[in-house]
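Asker: Need a 3D model of the sequence below.
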Amino acid sequence: MTAKKTQDAPEVTETPENNDCFIIMPIADHSDYKQGHFKRVYEDIIKPACLAAGYRAIRADDVAQTNLIHLDILQKLLESPMAICDLSTRNPNVLFELGLRQAFDKPTILIQEVGTPQIFDINLFRYTQYRNGLDYRDVLADQKAIQKVIEETKQAVAENKSVNSIIKLLSITNPASLQDSSNFEDKEYFQILMSEIQGIKNSLARNNNFTNSKYIINPENERKSSTQIKVRVLVDNEMPLETLEVLMTYISTLADDPTLTLLEDKELNNFITFNCKPEVTEEIIEKIRDFASLNNIEIKNIRKSIFPKKIIS
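Answerer: Numbers count the residues shown, from 1 in each chain. Model (predicted):
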């Protein structure tokens with residue numbers, strides 16, 4: 001007997017080629033959530049909502065798996081006609097990418113988990129909430145809610161109306177603009193751009209007041225040790241600067257602290273150091289190796305060591 005098709009599932013429309021919706025959200029597991037939580041949010045709620053609204057959802061890790069380097073991820077972020085930003089963990093990398101979309105005045109839908117504290121700087125903007133339990137009925141309802149916002153945003157853009165836009169809110173006449181897409185092969189242009197972006201990210205990491213250690217979802221577990229792993233990625237000192245920047249930029253999307261350090265050992269090898277949580281260390285190392293393999297980047301070795309941080313109270 002054939003199972004009856006549920007009437008609650010959103011209707012799926014055909015997605016035109018290159019009609020991408022770039023998803024800005026945490027990719028690595030977060031210590032305050034079950035393993036794979038945000039992957040389920042992406043697969044079960046966001047992707048179906050995008051498809052039903054006529055868009056193809058795509059995340060940074062989806063782009064990396066197609067053998068494209070980080071510059072292509074940046075291009076997707078800035079050129080996709082639609083984007084969704086999940087603010088649930090107040091992740092600095094997520095907020096940075098949202099800032100880029102805002103600078104170029106690109107339409108971006110804001111979503112967050114129910115109960116997430118509002119961020120003061122953007123609390124005037126409209127956002128859509130989803131339930132974190134991921135129960136079947138809730139998932140279907142959240143899909144429809146996000147689908148509706150995507151469709152409304154698309155219509156607003158077509159009518160040249162303001163859509164969560166700081167540029168229009170401040171009446172800025174000329175937002176940032178991209179060079180013609182044919183110039184995206186210009187290596188010198190991207191070297192400068194990636195260098196500037198990495199500098200901004202490092203500055204944000206030093207100065208931001210919304211680090212994960214201060215964002216407590218489970219108050220009863222508020223006081224806990226914050227031991228971290230220091231990871232060192234060894235590369236040849238003759239690695240081209242452009243390649244090194246691509247690798248560092250990718251690693252910064254995975255690290256708990258996006259501030260990276262580039263040092264040199266006694267054998268004159270360069271090594272990139274960063275910090276991450278113990279429970280995600282092996283996964284991050286595996287992702288770095290996979291990314292390097294896909295993009296023909298030679299990594300000599302990856303080492304890790306444990307060091308304690310202060311007690312969170």
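Asker: need the contact list for Q147.
Answerer: Q147 sits next to 10, 49-50, 52-53 when contact means C-beta atoms under 8 Å, 6 or more residues apart in numbering. Heads up, the C-betas are built off the backbone N, CA and C, glycines and all.
Asker: need the next SSE after the lowest-mean-pLDDT helix or strand in the chain, C-terminal direction.
Answerer: Lowest on mean pLDDT, DSSP states H and E among the helices and strands of the chain sits helix 187-207, with a mean of 51. Where DSSP states H and E defines the elements, the next helix or strand beyond helix 187-207 is strand 228-235.
Asker: Give the pairing partners of that next one; include direction for each.
Answerer: The sheet places strand 228-235 alongside strand 270-276 (antiparallel), strand 301-307 (antiparallel), with pairing taken from DSSP bridges.
Asker: Just give me the neighbour total for M248.
Answerer: If you count neighbours by other C-beta atoms under 10 Å, M248 ends up with 21.
Asker: go on, R56?
Answerer: By the criterion of other C-beta under 10 Å, R56 has 18 neighbours.
Asker: likewise S31?
Answerer: 17.
Asker: Let's verify it: helix, strand, or coil?
Answerer: Of the three states, S31 takes coil according to DSSP: H, G, I helix; E, B strand; the rest coil.
Asker: can you check the one 4 residues further on too?
Answerer: Assigned with three-state DSSP, Q35 falls in the coil class.
Asker: correct me, but it touches K277?
Answerer: No. If you go by C-beta atoms under 8 Å, Q35 and K277 don't touch, sitting 11.9 Å apart.
Asker: Who has more neighbours out of these two?
Answerer: A count of neighbours by other C-beta under 10 Å puts K277 above the other of Q35 and K277, at 18 against 11.
Asker: Distance of that one relative to L110?
Answerer: 26 Å (C-beta to C-beta, to the nearest Å).
Asker: Poorly predicted segments of the stretch 1-150 of the chain, please.
Answerer: Residue ranges of the stretch 1-150 of the chain with pLDDT under 70: 1-18, 63-71, 120-124.
Asker: Now do the helices in it.
Answerer: Here the stretch 1-150 of the chain has its helices, by DSSP state H, counting those that start in this stretch, at 37-40, 47-52, 60-64, 70-79, 92-103, 136-158.
Asker: Single out the most deeply packed of those helices.
Answerer: Neighbour counts (mean count of other C-beta atoms under 10 Å) averaged over each of the helices of the stretch 1-150 of the chain peak at helix 47-52, with a mean of 22.
Asker: In terms of secondary structure, what does that helix contact?
Answerer: Helix 47-52 sits against strand 56-58, helix 136-158, with contacts defined as 3 or more C-beta pairs under 8 Å, 6 or more residues apart in numbering; DSSP states H and E.
Asker: end-to-end on stretch 82-100?
Answerer: Length of stretch 82-100, first residue to last, C-alpha to C-alpha, to the nearest Å: 13 Å.
Asker: ditto for stretch 27-47
Answerer: Start and end residues of stretch 27-47 are separated by 14 Å (C-alpha to C-alpha).
Asker: residues in contact with it?
Answerer: With C-beta under 8 Å, 6+ apart as the test, stretch 27-47 has contacts from 23, 25-26, 57, 59-61, 84, 86, 88-89, 111, 130, 132, 134, 139, 142-143, 146, 212, 215-218, 253-254, 277, 279-280, 283-284.
Asker: if you set the cut-off to 7 Å instead, what comes out?
Answerer: 23, 25-26, 57, 59-61, 84, 89, 130, 134, 139, 142-143, 146, 217-218, 253-254, 277, 279-280, 283-284 (C-beta atoms under 7 Å, 6 or more residues apart in numbering).
Asker: thinking again about what came up before, quick check: the farthest pair among the contacts of Q147?
Answerer: The span of the contacts of Q147, defined through C-beta to C-beta, is set by P10 and C50 at 10.3 Å.
Asker: any idea how far the closest residue to F22 other than its chain neighbours is from E298?
Answerer: Among residues not flanking F22 along the chain, S80 sits closest, at 3.9 Å (C-beta to C-beta, 6 or more residues apart in numbering). Per C-beta to C-beta, S80 is found 31 Å from E298.
Asker: Next: P81.
Answerer: Using C-beta to C-beta, P81 is found at 36 Å from E298.
Asker: Show me which of those two is the more surrounded one.
Answerer: A count of neighbours by other C-beta under 10 Å puts P81 above the other of P81 and E298, at 14 against 10.
Asker: Provide a list of residues in contact with the more buried one.
Answerer: P81 makes contact with N19, according to C-beta under 7 Å, 6+ apart.
Asker: L244 versus F22, what's the distance?
Answerer: Distance of F22 to L244, computed by C-beta to C-beta: 25 Å.
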